[in-house]
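Q: Let's see this in three dimensions:
(2 chains, ligands or ions: 2)
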Amino acid sequence: MPEITLEMKDITKRFPLVVANDKVNFAVYQGEIHALVGENGAGKTTLMSILYGLYQADSGQIFIKGKKVNIANPKVAINLKIGMVHQHFMLVPPLSVTENIILGMEPIKNNIFIDLERATNKVKEISESIGFKIDPHAKIENISVGIQQRVEIIKILYRGAEILIMDEPTAVLTPQEVEELFEILRSLIKQGKTIIFITHKLNEVKAVSDRITVMRRGKVVGVKNTKDTNQEEIASMMVGRKVLLEVDKKEHNFGKTVLKVDKLNALNNKKLPALKEISFEVREGEILGFAGVEGNGQTELVEVISGLRLAAGGKIKLYDKDITNYSPRDIREQKIAHIPEDRRQRGFISNYSVAENLILGSNYRPPFNKGLTLNFSAINNHAAKLIKDFDIRPSDRNNLLKSLSGGNQQKVIVARELFGEPRLLIAAQPTRGLDVGSTEFVHQQILNERDKGKAILLVSADLEEILSLSDLIAVIYEGEIVAILDPKKTNEKELGLLMTGSVRNNKFPKKK
Amino acid sequence: MFGSIFNADFIASSIRIAIPLALAGLGGVFSERSGVINIGLEGIMLTGAFTSIAVTNFIQNPWLGILAAIIIGIFLGLIHGITCITFKANQIVSGVAINLFASGITVFFSWLLFNETQIMAKISLPIWGLSIPNLGEGSSFLRSIIIIFAHHSPLVYLTIIIFILSHLIIFRTPFGLRLRSVGEYPQAADTMGVNVIKIRYIAVMTSGALAGLAGSFLSLEQAHFFVKEISGGRGFIALAAMIFGKWTPFGTAGAALLFGFGEALAIRLQSVTAVPVQFINMVPYLLAIFVLVSAIGRAIPPAADGIPYEKEVG
Ligand SMILES: Nc1ncnc2c1ncn2[C@@H]1O[C@H](COP(=O)(O)OP(=O)(O)OP(=O)(O)O)[C@@H](O)[C@H]1O
Ligand SMILES: [Mg+2]
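A: Ligands and ions are numbered 1, 2, ... in the order given. Coordinates of the predicted model:
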């Protein structure tokens, strides 16, 4: 019988609008990787925040190694050797890797100063013990998300954590980075640590976890041994109904060319070339999926087409109209919709209500605008309709976006962007961080648009998504399209190799 | 004409004019590094200017006058902290309130205690350093060095020490690291067990202390009197110095010196040109605007500057 290292009993936590945790019981064995899954808003992050002392439970008890504890703040959690990697990274961008790691527990020399040398050595030592190298002096704002996540892991190990909570660590990682993360997790288990792992990707659950706790709407609906279950069963436990894990896509013919990109060049934020003479087309009823490791020009491509970044050369045509370097508003006027990659930054305004967010971008047009004032009855009707059509929860249109779970925030964006019959839809990482139910929903919406004859440009780091949705896949590497593939004739492995530049495929299939 | 303007005395007076700007600007650095905007610096300076003269004249000890100015500064900083940190009020509004309060209360007490709004300092601090030689031409280089570096009020030396210490505190100590993180990303600091609220209070009270000290220098040392509104917008110039100095102590000191130079220049120009004095008095402010728009690189404030910290959203 394995030893229970952590037990949470009858935890209840109410927020003004919802009961986020409703008498939750949660137990973790020493030395296991325990997956915590559940749809968006199920209460996973809340439960873990209570364990880490960020929130106080309204009722319930926590036991560590059988001893009852009262975790009033993160400091107490740290002392109990609990560490947490948050869903949104808790790193201070202008500070260095080392400064972030030691923050709050700084080694001291001469009684007053930070002993940076000792700190740096310790950081190196920890990172090597789990098998990777890191530049301790690099600033967080200059390193990739994958590396930032390692900094988060080192940060909690530096504090001597024995129980590691990882809240959706893979949502922002590329497939290669996910593999590397799993290696790190396995080496941590060998060191005797215990890991709680939150994810929406059921194949990951299957790949690394020993046991699974499933939550739905604030309650625990089941605990399973990983080897005794399968993805379908977990998915239906999470959502409470059967979920289609595979999309079902009808064959059809494509229409006229909607978007034509010709020899497009663009610079990245560091003023270096990000796109090098990229050319491609998207036709009516076609989904063109861009696969690539993050940072190879996808972000810039989407920004240039949606008017958020200037093209440095080349042409973008919508049907026969040259729209290169139009302003974002003029581009929206051309009925190009954009589901942005960075939703917190560009997708919504977190202090605005659902109704307000649903009219962003058309707020200046009738019927929402009537001269000097807004037409609130039109706005409210609009909100009521979209909340119903897209099943946005909770369904009150006056909720602020920041109080919604990630999945529901994304539904708000998708609802807004699909409204008004766009001619071209640009969807960047449309299901990042979404649960299986919401993912299925968003995929269905994208396919509906396709079947209505809309052109869709899909950018995603999730290869499964690319493979299942796209009619044609473009692999982008260092700002160039290195391959154009038929999804039926390729697989994740081949894509992975192309994406990392390990092989080049010059046989572009000819279009009919 | 230039020889008569740009000499050692000119540089020394630039330094003296720069001191209150630098100290108050440093106060701004502490406060904003922690995420609290403090435009009340102006009012705290004014209150400090009055308090130091009043206490000095009553107790006959300028050191205690300065100490009183610092204490009143800390107190006003505490009030700003309570409204902005604990009650999460708008930081600009709270700063404006402090400024208005200071204008009123200083005039009120001048009338109450002294029956006038211009109060002469009965004593001031001694000059520390070497005496200025007047042995003719041969000593003029040595003379300049002494005038610039070694013939000042003790507060000038104290200011230099404060700046060095502040730099070390902000960039080398655990407190400084926590301070910077709290102003950039308080949630992250909180998850690392840093007490965000406590750090912010310390920072805002420190900024009050520094602005109070700046005020005492202004009245006791620079003007030798208190008059209503003696701070005359210097608290805002100090904030400009802080921005131009990119929220670092040394940068702020450099910017304050530049503004001090501008004001010293304006004073000199008045005596040698026929340009109306109102125009000449614009020089330091034009310099400030010119410098801010042409600042080397963009000035990026701490990311959480001005945003109250809330643990649970919604
Ligand atoms: N600070 C808060 N204030 C108000 N409501 C909140 C707050 N945090 C979470 N909630 C609500 O509590 C519920 C549970 O949220 P939680 O973030 O724990 O979900 P989750 O399971 O982590 O979802 P996701 O997979 O989207 O991250 C949601 O309905 C959410 O809207
Ligand atoms: Mg969550």
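Q: Flag the shaky bits of chain A, pLDDT-wise.
A: For chain A, the stretches with pLDDT under 70 are A:1, A:244-245, A:503-512.
Q: Now do the residue of it positioned farthest from its centre against B:T173, distance only.
A: Relative to the C-alpha centroid of chain A, counting by C-alpha atoms, centre = their mean, A:N110 is the outermost residue, at 44.1 Å. Look at A:N110 and B:T173: by C-beta to C-beta, to the nearest Å, they are 10 Å apart. To be clear about C-beta, it is placed using only N, CA and C from the backbone, and glycine gets the same treatment.
Q: likewise A:L374?
A: From A:L374 across to B:T173, the span is 51 Å (C-beta to C-beta).
Q: Just give the closest residue to A:S187, not the sequence neighbours.
A: Distances taken as C-beta to C-beta, 6 or more residues apart in numbering or on different chains put A:I130 closest to A:S187, at 5.1 Å, once the chain neighbours are dropped.
Q: tell me, how many neighbours does B:I160 end up with?
A: Neighbourhood size, B:I160 [other C-beta atoms under 10 Å in any protein chain shown]: 15.
Q: which element is it on?
A: Secondary structure assignment for B:I160, by DSSP states H and E: helix B:154-172.
Q: what's next to that helix, contact-wise?
A: Here helix B:154-172 makes contact (C-beta atoms under 8 Å, 6 or more residues apart in numbering or on different chains) with A:112-114, B:15-16, B:19, B:22-23, B:26, B:29-30, B:33, B:66, B:125-126, B:128, B:175-176, B:179-180, B:210, B:213, B:216-217, B:221, B:248-250, B:253.
Q: make it 7 Å
A: With contact meaning C-beta atoms under 7 Å, 6 or more residues apart in numbering or on different chains, helix B:154-172 is reached by A:113-114, B:15, B:19, B:22-23, B:26, B:33, B:125, B:128, B:175-176, B:179-180, B:217, B:221, B:249-250, B:253.
Q: Restricted to buried residues, select these in PyMOL.
A: Selection of buried members from the contacts of helix B:154-172 for PyMOL, criterion 16 or more other C-beta atoms under 10 Å in any protein chain shown:
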select buried, (chain A and resi 113+114) or (chain B and resi 15+19+22+23+26+33+125+175+176+179+180+217+221+249+253)
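Q: Just the ones in helices from the contacts of helix B:154-172, please.
A: Among these, DSSP state H puts B:15, B:19, B:22-23, B:26, B:33, B:175-176, B:179-180, B:249-250, B:253 in helices.
Q: and of the residues you listed, the nearest to ligand 2?
A: Distance to ligand 2 across the ones in helices among the contacts of helix B:154-172 (C-beta to the ion) is lowest for B:R180, with 28.1 Å.
Q: The closest one and B:G35 touch, don't they?
A: No. Contact criterion C-beta atoms under 7 Å: B:R180 and B:G35 do not qualify, at 10.0 Å.
Q: how close does the residue most central in space within chain B sit to A:I4?
A: Centrality entry for chain B: nearest residue to the mean C-alpha point is B:A24, 1.9 Å, by C-alpha atoms, centre = their mean. In this view, B:A24 and A:I4 are 58 Å apart by C-beta to C-beta.
Q: What residues does the stretch 151-300 of chain B have near ligand 2?
A: Proximity of the stretch 151-300 of chain B to ligand 2 (C-beta under 5 Å from the ion) involves no residue at all.
Q: Surely A:A119 is in a strand?
A: No. The assignment for A:A119 (DSSP: H, G, I helix; E, B strand; the rest coil) gives helix, which keeps it out of a strand.
Q: give the contact list for it.
A: Counting by C-beta under 7 Å, 6+ apart, A:A119 touches A:98, A:102, A:107.
Q: Quick check: the gap between the last one and B:S34.
A: Taken as C-beta to C-beta, the spacing of A:P107 relative to B:S34 amounts to 23 Å.
Q: between those two, which one's more packed in?
A: Ranked by neighbour count (other C-beta under 10 Å), A:P107 and B:S34 place B:S34 first, with 31 against 16.
Q: so who does the nearest residue to B:T106 once chain neighbours are set aside touch?
A: Leaving aside its sequence neighbours, B:T106 sits nearest to B:F50 (C-beta to C-beta, 6+ apart; 4.2 Å). Residues in contact with B:F50 (C-beta under 7 Å, 6+ apart) are B:106, B:109-110, B:226.
Q: so which of those comes closest to B:I92?
A: For the contacts of B:F50, the minimum distance to B:I92 (C-beta to C-beta) is 21.5 Å, reached by B:T106.
Q: tell me which element the residue in the stretch 151-300 of chain B that ligand 1 sits nearest to falls in.
A: Nearest to ligand 1 in the stretch 151-300 of chain B, going by C-beta to the nearest ligand atom, is B:Q187, at a distance of 11.5 Å. Assigned by DSSP H and E, B:Q187 belongs to helix B:186-191.
Q: elements contacting that helix?
A: For helix B:186-191, the packing partners by 3 or more C-beta pairs under 7 Å, 6 or more residues apart in numbering or on different chains; DSSP states H and E come out as helix B:174-184, helix B:196-216.
Q: most neighbours per residue, which of those?
A: Mean neighbour count (mean count of other C-beta atoms under 10 Å in any protein chain shown) peaks for helix B:196-216 among those, with a mean of 27.
Q: Can you list the helices and strands that it packs against?
A: Under the contact criterion of 3+ C-beta pairs under 7 Å, 6+ apart, helix B:196-216 touches helix B:8-33, helix B:41-59, helix B:62-81, helix B:174-184, helix B:186-191.
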